[in-house]
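Colleague: Following is a predicted model, sequence given first.
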Amino acid sequence: MKFSRQSLKYSQEKLKSAEAFVDAAEPKKIPSETERRGRGKPRKSEELTKPVSVSLTQTDLKTLDDQFKRYNMLAYKQQLEDDKPLNRSDIVRLMANKLSVMSDDEFMAFITD
């Protein structure tokens, strides 16, 4: 039986993909509702993020970017153990979650301030 380099490579790739298939079938630990996956990250692993467009002026974009950079700098300075860097999406998600738990009066006071 003759083996070419290409057929050996193909059979090796098939073997790797079979192992990946078996590994994917193993049940993974699902985080509980209260378990944090990092600051601002979704709590459920089956909850996928979806790209969304937000229109901002250059000044507003800089203000948004300054917030996650500020957190990342402070977390580094304070040497936080659960130091997970934040990004724009995390800041928007944190803000939306904070607004969703406010009472109507708190919400209106925050928005009109």
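Modeller: Arrived safely. Bear in mind the structure is a predicted one, so any value in this text is a computation, not a measurement.

Colleague: so Q67, which of the three states?
Modeller: helix (DSSP: H, G, I helix; E, B strand; the rest coil).

Colleague: how close does it sit to M73?
Modeller: Distance of Q67 to M73, computed by CB to CB, to the nearest Å: 11 Å. Yep, even glycine has a C-beta here, placed from its N, CA and C like the rest.

Colleague: neighbours around L74, how many?
Modeller: By other CB atoms under 10 Å, the residues close to L74 number 10.

Colleague: quick one on the thing from earlier: so for Q67 and M73, which residue has more residues nearby?
Modeller: For Q67 and M73, the more surrounded residue by other CB under 10 Å is Q67, and the numbers stand at 16 against 10.

Colleague: Can you tell me the closest non-neighbouring residue to that one?
Modeller: Closest residue to Q67 apart from its sequence neighbours, by CB to CB, 6 or more residues apart in numbering: I91 at 5.1 Å.

Colleague: which residues touch the one you found?
Modeller: With contacts defined as CB atoms under 8 Å, 6 or more residues apart in numbering, the neighbours of I91 are G40, L64, Q67, F68, Y71.

Colleague: filter the residues you listed to the buried ones?
Modeller: Neighbour-count burial within the contacts of I91 applies to G40, L64, Q67, F68, Y71; the criterion is 16 or more other CB atoms under 10 Å.

Colleague: Great, nothing more from me.
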